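Participant: requesting a structural model of the entry that follows:
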Amino acid sequence: MIASKSISIVILGNPSSFSISDLKEAIPYHNIFHCTELAQLNNDFDLLIVFEDIDSFSRKYVRGSAQIWAVAGLPSSHIADELLYENCDVSFLRQKILHFVNKYINVSMANRALMQLANSINNSVAICDPNGVLIWTNAAFESIYGYTRKEFIALHGENIFEFSREEGINEKLQNIKTDKVSVQYVSDITTKNGLSKSLQTTLSPVFEQGKLKWIVAIESDITELKESEKLLEEKSESLKALTEAMQDANQELQAQRDQLNEKHEELAKEKQRTDELLHNILPEIVAHQLKKGKKKPKRHKSVTVMFADFKGFTKICKQLDPPEIVNTLDELFSAFDLIVEKHFIEKIKTIGDAYMCAGGMPMKNNSHPVNVVMAALEIQQFLFEYNKPRMLNKDIVWECRIGVHSGEVFAGVVGERKFAYDIWGDTVNLAARMETAGAVNTVNISDATHELVKDYFICVPRGDIEVKNVGQASMYFVLGLKDEYTNDPAGVIPNEDFNNILRSL
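Facilitator: Next up is the predicted model:
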């Protein structure tokens, strides 16, 4: 039993880091042994156990008659609980000391390995207690912050979390304690040298027997990454601005294209209207030639010309208002247009109440005499039907004479401003004389035309009739198609046999 003696136990760091003589002055009358010398202990000695990574004494606990010196990094309460025994024999105490040494040397060796590992990495590692008191830091802490642990505590205090600029640090610490999970955040710091850095911090809790024992803070310097992200963001914003500018430019270009397309469509429609108007005024082939700048007159050796003129037009003009006259002429001449177009005849012009057209031009065909005579018969049939209700109502009737002659003409465009397609020659004059010498509701043809159509139409000879500036001229009234070529009582509508003959001409 060693009741008369007190046992003092001091846990220190590597013996080479302090002076043994200084230690003896701090703990008089005690011998110092390394842990490896424990087997040499004799029952009469007080004990001093020396091991692991300690650099200073921290607190002094007094319990009973024994004195226990604890150092930073190891809990003195453990030492007190495990090695403080009074009035016990030395063998029992030796067994407890061996158990203590084996237990804490193994733990310390593991801790030292972890410390060496922590010091070998570039990330800052700091260990603090649950209240944030900074206990230990690795070498990278000084590299990142510019402070040693002692300098940091001296300047900013021992609570590392009070130094943090993270707005939600208190909430995160609470999450660590209650949820027992690691938390991560990014914050900015100012180093000892005044440099601004961005750190990514991971706080991990260490629990012992269900209680928070330590908080380990691992921090990475992500300043370059943040700067790269910022630069990338700036470039992204620049690219976005450029993209938006390009989109705006593309939209503007598209708007301009749309406007151009609209203009092109308007021009195309206007051109189409102009072409249609030109084709209404001129034959299609002549219109194409005119657009190319050609106006040369053309000789047509064989055409058939028709003139139609209303009887008593001067008298009618005195009985009707001008608008009514114009509207009626428009109605009648529009019907004439449809008829002559159906028979491939070219309308030349209207002169007052006179209507002039020609077949076999500007495109040559061999059926032009038949086409013109058929059109003339159809026009007279149209006027007959048109006048029926007017006669019943005793309104003004519109009756006309029609003259037809076949021969040679010259055709072309005259004028520079208001274009007019016209034909000239004796054939035109004789056709006009055929109309003048004719009778209302009939078709009067010349001998030249009769020779070309006599096989298909019923023609009544009128004999030789005096023609102004011509002399005697043979004329014929056309009554209609021959019976074998029509099923129509009026002799105007051809049958299929006649159509086949007409197509073969």
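Participant: how close does the residue lying closest to S446 once chain neighbours are set aside sit to L232?
Facilitator: In this structure, S446 finds its nearest non-sequential neighbour in H405, 4.1 Å apart by C-beta to C-beta, 6 or more residues apart in numbering. The way it works is simple: take the backbone N, C-alpha and C, and place the C-beta from them, glycine included. Per C-beta to C-beta, to the nearest Å, H405 is found 92 Å from L232.
Participant: can you check L329 too?
Facilitator: Relative to L232, L329 is positioned 82 Å away (C-beta to C-beta).
Participant: if we can go back for a sec, please name the bridge partners of the residue nearest to S446.
Facilitator: Per DSSP bridges, the residues bridged to H405 are V305.
Participant: surely it meets A431?
Facilitator: Yes - between H405 and A431 there is a contact under C-beta atoms under 8 Å: 4.0 Å.
Participant: can you pick out the residue with more neighbours from these two?
Facilitator: Neighbours per residue, other C-beta atoms under 10 Å: of H405 and A431, the larger number sits with A431, 32 against 29.
Participant: what about the host helix or strand of K301, distance to the chain center?
Facilitator: According to DSSP states H and E, K301 maps onto strand 298-310. A distance of 63 Å separates the centroid of the chain from that of strand 298-310, by C-alpha atoms, centre = their mean, to the nearest Å.
Participant: okay, helices next: where are they in the stretch 201-350 of the chain?
Facilitator: 223-281, 284-291, 313-319, 322-342 (DSSP state H, counting those that start in this stretch).
Participant: among the ones you listed, which is the most enclosed?
Facilitator: Compared across those, helix 284-291 shows the largest average neighbour count, a mean of 16 (mean count of other C-beta atoms under 10 Å).
Participant: keeping just the C-alphas, turn stretch 468-486 into CSV.
Facilitator: Extracted in CSV, the C-alpha atoms of stretch 468-486 (Å, rounded to 0.1, in the frame of the first residue of the first chain):
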residue,chain,number,x,y,z
LYS,A,468,-68.4,53.0,-150.9
ASN,A,469,-64.9,53.4,-152.3
VAL,A,470,-65.0,49.8,-153.5
GLY,A,471,-67.7,49.4,-156.1
GLN,A,472,-69.8,46.3,-156.5
ALA,A,473,-69.2,43.5,-153.9
SER,A,474,-70.9,40.2,-153.5
MET,A,475,-72.4,39.6,-150.0
TYR,A,476,-74.2,36.8,-148.1
PHE,A,477,-76.4,36.5,-145.1
VAL,A,478,-75.5,33.6,-142.8
LEU,A,479,-78.6,32.0,-141.4
GLY,A,480,-76.9,29.4,-139.2
LEU,A,481,-75.0,26.0,-139.3
LYS,A,482,-76.1,23.4,-141.8
ASP,A,483,-78.5,20.9,-140.3
GLU,A,484,-75.9,18.1,-140.3
TYR,A,485,-73.7,20.2,-138.0
THR,A,486,-76.2,21.3,-135.4
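Participant: tell me the mean pLDDT over that stretch?
Facilitator: Stretch 468-486 carries an average pLDDT of 94.
Participant: okay, and for this structure, where does confidence drop off?
Facilitator: Counting by pLDDT under 70, the low-confidence segments of the chain come to 1-120, 279, 287, 290-291, 293-295.
Participant: domain map for it?
Facilitator: According to automatic domain parsing, the chain comprises the domains 9-117, 121-221, 293-504.
Participant: tell me how many other residues crowd W424.
Facilitator: For W424, using other C-beta under 10 Å, the count is 13.
Participant: show me the contacts for M363.
Facilitator: 283, 285 (C-beta atoms under 8 Å, 6 or more residues apart in numbering).
Participant: that one belongs to a helix?
Facilitator: No - per DSSP: H, G, I helix; E, B strand; the rest coil, M363 lies outside any helix segment and is coil.
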